[in-house]
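Trainee: One predicted model, sequence on top.
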Amino acid sequence: MLPTQGLGPVSHWKWHTLNDPPVLQQVMIDTQMAHKDPNIMNLDPSRSGKTRHDDEEMLAIEFDNFIKEKSKKMSQTFKPFQITMKALKMNEQFSLKVLDQATVYLVFRAGTTNLKLNIGMVLDPREIVDTETSDLGDVSNNMDKLPARTDSLARLQKSIAHAQHYDRSLTERDRRIRRSVPRGSADALTAAASCPLRPDPSGFTTPADSYCKCSRRPFSGNSYQDDPSCYVGSFPKDFSYGPFEQNGDGDSTSLQEDHKPRILLMGLRRSGKSSIQKVVFHKMSPNETLFLESTNKIVKDDINNSSFVQFQIWDFPGQIDFFDPTFDSDTIFGGCGALVFVIDAQDDYQEALDRLHQTVTKAYRVNEHIKFEVFIHKMESQRDIHHRATEDLAEAGLEHVHLSFHLTSIYDHSIFEAFSKVVQKLIPQLPTLENLLNILISNSGIEKAFLFDVVSKIYIATDSSPVDMQSYELCCDMIDVVIDISCIYGLILLIYIATDSSPVDMQSYELCCDMIDVVIDISCIYGLILLIYIATDSSPVDMQSYELCCDMIDVLNNGTVLYLREVNKFLALVCILREENFQKQVFELRNKCQNAVAAERTRAGSPEPLANGAADSAGAYDESAAGRPLLP
Ligand SMILES: Nc1nc2c(ncn2[C@@H]2O[C@H](COP(=O)(O)OP(=O)(O)OP(=O)(O)O)[C@@H](O)[C@H]2O)c(=O)[nH]1
């Protein structure tokens, strides 16, 4: 407590047991007031301008007492005690009212203003050694104990932990963003943000122009030169395909005109067709699908905004009747690439199997090239369904018709995985893409590479190594994080750090700083690089991203790096690789960049940076960083 002039020298109340009156003690060592707030100091006019000189002898005595008191406290066993209610006037405005350990009111009264703050808490006596300097945030109390005794305590603990983490990360972010001395890397970031991925295809660029055009500010939507509508560097948050188009079943003109691959969603009523479509392509959360109304006409959805995923999905009503004369099976099945039949495995599926059989035979007669995909949806009893469905077809003489079965649920990533496979079969470039990814991983130490459609999170292609669900989920989570963060901050570059609660060590921190520099350097030349580097705990940018990252941490705490590179507005390459391989790649890439810059300068006949400051990639490239080892 800060005394006023009338009260005496610097002193504080010491309150050892709540049943004894607190004792006012003079403070010799100013432990609590290392950073004096001038505003508070001004409240005491008697001390203005004066500095208190410490009395060496008194300090020595107090220090000695302090040690003795501390050791006594440490050996002492605390016993729980009953508290008698107490009120204590501290000064003219403040008073304290103690009801029990958890209810201690600090009351402020000034005129008609009356404020009350509960500062009580139940402390764990085994952990409190020093009551003098403990801060509320420093001591653990009953609420910190895990596992929490009740759900509400658990929620409270989670919120507190989140809030503390959030607070720490904000401070950390602030510290990093508001550097007092501008650094080269900040300029590099500006330059990188304005750098197109590819040189101007028109060819009318000077050598100096060919890498960067930095007329744009980093946080605005940057564009490809060949596609002004494409953003580089930040996926918009409200990322989705165009409006959900609802054409009635009579719209046959547009059916014939449209040559995009068509995917039909069929199945019994309430099997989950519309939910699948909404969750995968319209970002609906699974819980919201509970409120979906039954579909009563064919709903056509154009998935056409993406560079690769261009098709239509037709969602059929569950009760569709193939024998109805208005059902034009030639038009419907004729232009169909894939037919996804959804079976609700939680329901009695005999009827669904009958309908599957009926649908496949009808469709096959019209179009032999249809890919038949069966989603065994909502559950795991796929074996029986699989067996009986193929048996039924064989009995009808259609044993050569191939059905691909997928176990799906909208409540996990399985529905995205299954849809990825459906879409991949419709992409003519798939073998080339797979080949390229195979070449990429065999030359780079990458363990798994996915080419993602970032909107739907279905993957267009992957290398030929098996896909495990966990890696796929990780990559999906990463896309979510990147979309969240890039749209909040418009940053093109991110080193994202998260792990368990182990302390941050300086070495990993410095390593991350180095990596930021390196990636900025590279992105100056190669355009956009988005990177999530999981290394240590710090700096989540927002709660949602933090939670997503937490999910990833469980898997990625063993030196694995997730790497995302935006290919264009809708496509991203996401790779999983070992940390040491990543270091190697980054290092090699950096050397290549350095050589490229040097070659470009020689070609331009200019030993100086190509253009000034942030407006030029070469200028922004920090050469002193090039020879610096990545690892401290
Ligand atoms: N448990 C579970 N429920 C799901 C899943 N997918 C969808 N559902 C639920 O199934 C119900 C029916 O979903 P819809 O998408 O309306 O089914 P539909 O096949 O389009 O139905 P119709 O339009 O009548 O043909 C909804 O309550 C969904 O929440 C899933 O994977 N698991």
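Mentor: Nice, I can see it. This one's a predicted model, so the numbers in the text were calculated from it and none came from an experiment.
Trainee: phi, psi of T361?
Mentor: phi -60, psi -40 (degrees, to the nearest 10).
Trainee: Quick check: it vs the ligand, distance?
Mentor: 21 Å (CB to the nearest ligand atom, to the nearest Å). Where C-beta positions appear, they are placed from N, C-alpha and C, glycine not excepted.
Trainee: S285 too?
Mentor: With the distance defined as CB to the nearest ligand atom, S285 ends up 11 Å from the ligand.
Trainee: Now do the contacts for that residue.
Mentor: Residues in contact with S285 (CB atoms under 8 Å, 6 or more residues apart in numbering) are V279.
Trainee: How about the residues of the protein by the ligand?
Mentor: 267, 269-275, 289-290, 292, 294-295, 317-318, 377-378, 409-411 (CB under 6 Å from any ligand atom).
Trainee: Show me which of those residues are buried.
Mentor: 267, 271-275, 289, 295, 317-318, 377-378, 409-410 (16 or more other CB atoms under 10 Å).
Trainee: between the residues you listed, which is closest to P428?
Mentor: Comparing those against P428 with CB to CB places K273 closest, at 26.4 Å.
Trainee: Please list all residues in contact with the residue lying closest to the closest one once chain neighbours are set aside.
Mentor: Spatial nearest neighbour of K273, excluding adjacent residues (CB to CB, 6 or more residues apart in numbering): L265 at 4.4 Å. Contacts for L265 (CB under 8 Å, 6+ apart) come out as 273-274, 276-277, 313-316, 340, 342.
Trainee: rerun at 6 Å
Mentor: Contact analysis of L265 by CB atoms under 6 Å, 6 or more residues apart in numbering lists 273, 315, 340.
Trainee: For the ligand, give me its nearest residue in the stretch 51-200 of the chain.
Mentor: In the stretch 51-200 of the chain, the residue that lies nearest the ligand is D151 (23.3 Å; CB to the nearest ligand atom).
Trainee: quick one: that residue and A102, what's the gap?
Mentor: 19 Å (CB to CB, to the nearest Å).
Trainee: Compare neighbour counts for those two and give me the winner.
Mentor: Using other CB atoms under 10 Å, the more surrounded residue of D151 and A102 is A102, with 12 against 8.
Trainee: Find the nearest non-adjacent residue to the more buried one, please.
Mentor: Ranked by CB to CB, 6+ apart and with sequence neighbours excluded, the top spatial neighbour of A102 is G120, at 4.8 Å.
Trainee: what number of residues lie near the one you found?
Mentor: Residues within reach of G120, counting by other CB under 10 Å, total 16.
Trainee: so it touches D100, yeah?
Mentor: No: the pair G120 / D100 is not scored as a contact, 7.2 Å apart, by CB atoms under 6 Å.
Trainee: what sits up against the helix or strand harbouring W314?
Mentor: Per DSSP states H and E, W314 falls inside strand 311-315. Residues from elsewhere that reach strand 311-315 (CB under 6 Å, 6+ apart): 260-265, 273-274, 277, 295, 298-303.
Trainee: Sheet partners, orientation included, of it?
Mentor: Strand 311-315 has the following strand partners under DSSP bridges: strand 262-267 (parallel), strand 299-303 (antiparallel).
Trainee: Would you format those strands as JSON lines with mean pLDDT included?
Mentor: Putting these into JSON lines (pLDDT from 0 to 100) gives the following:
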{"stretch": "strand 262-267", "mean pLDDT": "90"}
{"stretch": "strand 299-303", "mean pLDDT": "82"}
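Trainee: Go through these and pick out the most buried.
Mentor: Greatest average neighbour count among the strands paired with strand 311-315 goes to strand 262-267 (a mean of 24), per mean count of other CB atoms under 10 Å.
Trainee: This structure - how does it break down into domains?
Mentor: 11-144, 184-235+454-626, 252-424 (automatic domain parsing).
Trainee: rank those domains by pLDDT, which is bottom?
Mentor: Looking at those, the lowest mean pLDDT belongs to domain 184-235+454-626 (a mean of 47).
Trainee: on that earlier part again, wait, which of the contacts of L265 is closest to the ligand?
Mentor: With CB to the nearest ligand atom as the yardstick, the closest approach to the ligand among these comes from K273, at 3.6 Å.
Trainee: Would you mind measuring from the closest one to F372?
Mentor: 15 Å.
Trainee: before we move on, what about E293?
Mentor: Taken as CB to CB, the span from E293 to F372 is 28 Å.
Trainee: More neighbours: which of the two?
Mentor: F372 (20 against 6).
Trainee: ok, the more buried one touching F405?
Mentor: No: the criterion here is CB under 6 Å, and F372 misses it with F405 at 9.8 Å.
Trainee: can you pull up the bridge partners for F375?
Mentor: Going by DSSP bridges, F375 forms beta bridges with V342, H406.
Trainee: List the single closest residue to the residue in the stretch 301-450 of the chain that the ligand sits nearest to in space, sequence neighbours excluded.
Mentor: As assessed by CB to the nearest ligand atom, the ligand sits closest to G318 within the stretch 301-450 of the chain, at 3.0 Å. Using CB to CB, 6+ apart and skipping residues adjacent in sequence, the residue nearest G318 is R269, 2.9 Å away.
Trainee: so the one you found, which of the three states?
Mentor: The local conformation at R269, judged by DSSP: H, G, I helix; E, B strand; the rest coil, is coil.
Trainee: Angles on the backbone of it, please.
Mentor: Per-residue torsions, R269: phi -60, psi 140 (degrees, to the nearest 10).
Trainee: how far away is it from D463?
Mentor: For R269 relative to D463 (CB to CB), the value is 40 Å.
Trainee: same thing with N114?
Mentor: 69 Å.
Trainee: ditto for F341
Mentor: F341 is 29 Å from D463, by CB to CB.
Trainee: and if you look at L59?
Mentor: Here the criterion is CB to CB. By it, L59 lies 69 Å from D463.
Trainee: Quick check: closest non-adjacent residue to the residue of the stretch 451-600 of the chain found nearest the ligand.
Mentor: Residue of the stretch 451-600 of the chain nearest the ligand, by CB to the nearest ligand atom: M469 (15.4 Å). Of all residues not flanking M469 in the chain, H413 sits nearest, at 6.5 Å (CB to CB, 6+ apart).
Trainee: hang on, the one you found packs against L474?
Mentor: No: judged on CB under 6 Å, H413 makes no contact with L474 at a distance of 9.8 Å.
Trainee: Just grab the bridge partners of the residue nearest to K273 for me.
Mentor: Residues in beta-bridge contact with L265 (DSSP bridges): D315, V340.
Trainee: so how far is T408 from it?
Mentor: Distance from L265 to T408, by CB to CB: 12 Å.
Trainee: N114 and D463: which has the busier surroundings?
Mentor: Comparing N114 with D463 by other CB under 10 Å, the one with more neighbours is D463, at 23 against 9.
Trainee: For that one, give me its contacts.
Mentor: So D463 contacts 437-438, 441, 449 (CB under 6 Å, 6+ apart).
Trainee: run the last query once more with 7 Å
Mentor: 434, 437-438, 441, 448-449 (CB atoms under 7 Å, 6 or more residues apart in numbering).
Trainee: with those residues in mind, which one is nearest to L88?
Mentor: K448 (64.8 Å).
Trainee: So for the helix or strand harbouring the closest one, what gets flagged as buried?
Mentor: Per DSSP H and E: K448 is located in strand 446-453. For strand 446-453, the buried set under the neighbour-count rule, 16+ other CB under 10 Å, comprises 446-453.
Trainee: Quick check: neighbours of that strand in the sheet, parallel or antiparallel?
Mentor: strand 458-462 (antiparallel), strand 571-578 (antiparallel).
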